[in-house]
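J.: quick one, what's the 3D model for this:
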Amino acid sequence: MRWFAVGPVICCAASLVLAFLCLFAGSHKGFMEDYALLTLNTSRVGQNIFNTSESSSSTLGQLIDNVTNSIESDIQDLITSTARDLGLHDFYSAHLMTYCEGYYKPGPVPNATLSKDDISKNVTQCSNRTAMYSFDPQEILQKELNESGTGVDLSDLDWPEDIQKGIDAVRISAKATFVLYCIAIGFIGIALVLAAISFCTQGRLSALINVIVDWLAFIVLGIASAIATAIAVKASDVINRYGHDIGVSASKGRNFLIITWVATGLLLLSSILWCVDCCVGGRRKRHQYTAAKHG
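T.: Next up is the predicted model:
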């Protein structure tokens with residue numbers, strides 16, 4: 001028995017599970033919602049319209065200038081309610097094959113009585129799984145505005161075209177990322193099978209084959225993880241830069257990035273273990289040959 005193969009088997013099995021989780025996170029309501037690639041926060045969208053319309057009243061303007069922090073919190077809650085009245089959800093989370101939407105509970109905005117840590121996501125629904133899915137917030141928001149019957153258009157909310165341009169710029173990369181994850185999962189599966197077979201084999205050849213397959217899986221998953229990271233960072237930066245004035249923000253999926261890079265690191269560790277086995281096995285074979293020759 002080749003007990004040295006236990007390490008690579010564990011690494012490949014864990015990496016395979018994590019890669020599948022990256023691919024299927026958010027595939028249905030409540031499944032790994034905190035592992036989105038990107039989360040769009042629209043809970044305060046429309047606040048610019050609210051502030052503009054209300055500031056026309058001098059009485060309310062004086063009130064806002066003189067209220068205490070607790071009353072400011074109440075006004076903020078009113079802004080949030082106005083945004084929800086538009087027919088939009090508080091957040092939209094983008095995954096590799098779907099997007100999910102929902103509301104922040106008990107409220108979207110921290111205040112004097114509600115800390116940020118007490119706010120949680122309540123997912124109401126997720127889209128159907130779609131291969132090579134690309135997240136299009138403008139299309140999603142406009143569709144919900146149309147269905148709300150409020151007569152409000154994204155242009156009425158001063159939706160920045162620069163946000164859409166930024167999303168369009170990473171759309172092809174998003175499709176490529178899905179393909180790369182699928183290829184990586186295939187290589188990891190092969191690596192796991194070969195590692196399991198290696199329990200019953202000896203010699204440098206089997207170790208070398210495992211090194212090659214593990215490196216292929218590592219390279220492909222590493223590229224997929226790098227592109228996913230770039231998408232999350234680029235998209236969140238663009239949305240935060242141009243969406244601030246209309247109350248829209250975005251956050252990159254830290255949990256998703258953690259598990260995808262852990263999966264990548266496990267493959268690197270597995271390949272290193274096989275390299276060690278290949279070198280140690282070669283020296284062991286030479287020692288056995290020398291001992292037999294002089295025995």
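J.: contacts only, for residue 262.
T.: residue 18 (CB atoms under 8 Å, 6 or more residues apart in numbering). For glycine as for every other residue, the C-beta is placed from the backbone atoms N, C-alpha and C.
J.: and it, what element?
T.: helix 254-294 (DSSP states H and E).
J.: so for that helix, mean pLDDT?
T.: For helix 254-294, mean pLDDT rounds to 77.
J.: kindly report the same for stretch 17-34.
T.: 91.
J.: residues in contact with that stretch: which ones?
T.: 35-36, 93, 95-100, 121, 123-126, 129, 178, 181-182, 184-185, 188, 221, 228, 255-256, 259-260, 262-263, 266.
J.: what is the end-to-end distance of that stretch?
T.: 17 Å (CA to CA, to the nearest Å).
J.: roughly how far does residue 252 sit from residue 97?
T.: Using CB to CB, to the nearest Å, residue 252 is found at 18 Å from residue 97.
J.: residue 193 too?
T.: Distance from residue 193 to residue 97, by CB to CB: 25 Å.
J.: same check, this time on residue 33
T.: 14 Å.
J.: which residue, neighbours along the chain excluded, lies closest to residue 257?
T.: residue 229 (5.7 Å; CB to CB, 6 or more residues apart in numbering).
J.: do a quick rundown of the helices in the stretch 101-250 of the chain.
T.: For the stretch 101-250 of the chain, helices defined by DSSP state H, counting those that start in this stretch occupy the ranges 137-148, 161-169, 171-197, 204-243.
J.: just send these back as JSON lines, with distance to residue 105, mean pLDDT and mean neighbour count too.
T.: Converted to JSON lines, the helices of the stretch 101-250 of the chain look like this (distance: least, CB to CB, whole Å; pLDDT from 0 to 100; neighbours: other CB atoms under 10 Å):
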{"stretch": "helix 137-148", "distance to residue 105": "19", "mean pLDDT": "88", "mean neighbour count": "16"}
{"stretch": "helix 161-169", "distance to residue 105": "26", "mean pLDDT": "87", "mean neighbour count": "16"}
{"stretch": "helix 171-197", "distance to residue 105": "29", "mean pLDDT": "94", "mean neighbour count": "19"}
{"stretch": "helix 204-243", "distance to residue 105": "23", "mean pLDDT": "93", "mean neighbour count": "20"}
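J.: switch these over to TSV; also include distance to residue 14.
T.: Below are the helices of the stretch 101-250 of the chain laid out as TSV (distance: least, CB to CB, whole Å):
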stretch	distance to residue 14
helix 137-148	34
helix 161-169	33
helix 171-197	10
helix 204-243	13
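J.: looking at those helices, which is nearest to residue 271?
T.: helix 204-243 (3.8 Å; CB to CB).
J.: packing partners for that closest one?
T.: helix 6-24, strand 38-41, helix 161-169, helix 171-197, strand 249-252, helix 254-294 (3 or more CB pairs under 8 Å, 6 or more residues apart in numbering; DSSP states H and E).
J.: can you list those in JSON lines and add distance to residue 134?
T.: Output for the helices and strands packed on helix 204-243, formatted as JSON lines (distance: least, CB to CB, whole Å):
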{"stretch": "helix 6-24", "distance to residue 134": "15"}
{"stretch": "strand 38-41", "distance to residue 134": "12"}
{"stretch": "helix 161-169", "distance to residue 134": "8"}
{"stretch": "helix 171-197", "distance to residue 134": "4"}
{"stretch": "strand 249-252", "distance to residue 134": "15"}
{"stretch": "helix 254-294", "distance to residue 134": "16"}
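J.: gap between the residue nearest the centre of the chain and residue 235?
T.: For the chain, the residue nearest the mean C-alpha position is residue 37 (1.8 Å; CA atoms, centre = their mean). Using CB to CB, we find residue 37 at a distance of 8 Å from residue 235.
J.: need the residues touching each of the two.
T.: Joint contacts of residue 37 and residue 235 (CB under 8 Å, 6+ apart) are residue 252.
J.: helix, strand or coil: sort out residue 87 for me.
T.: When classified by DSSP: H, G, I helix; E, B strand; the rest coil, residue 87 comes out as coil.
J.: now do the contacts for the nearest residue to it once chain neighbours are set aside.
T.: Distances taken as CB to CB, 6+ apart place residue 148 nearest to residue 87, at 2.4 Å, with adjacent residues excluded. Under the criterion of CB under 8 Å, 6+ apart, the neighbours of residue 148 are 86-88.
J.: brilliant, that's me finished.
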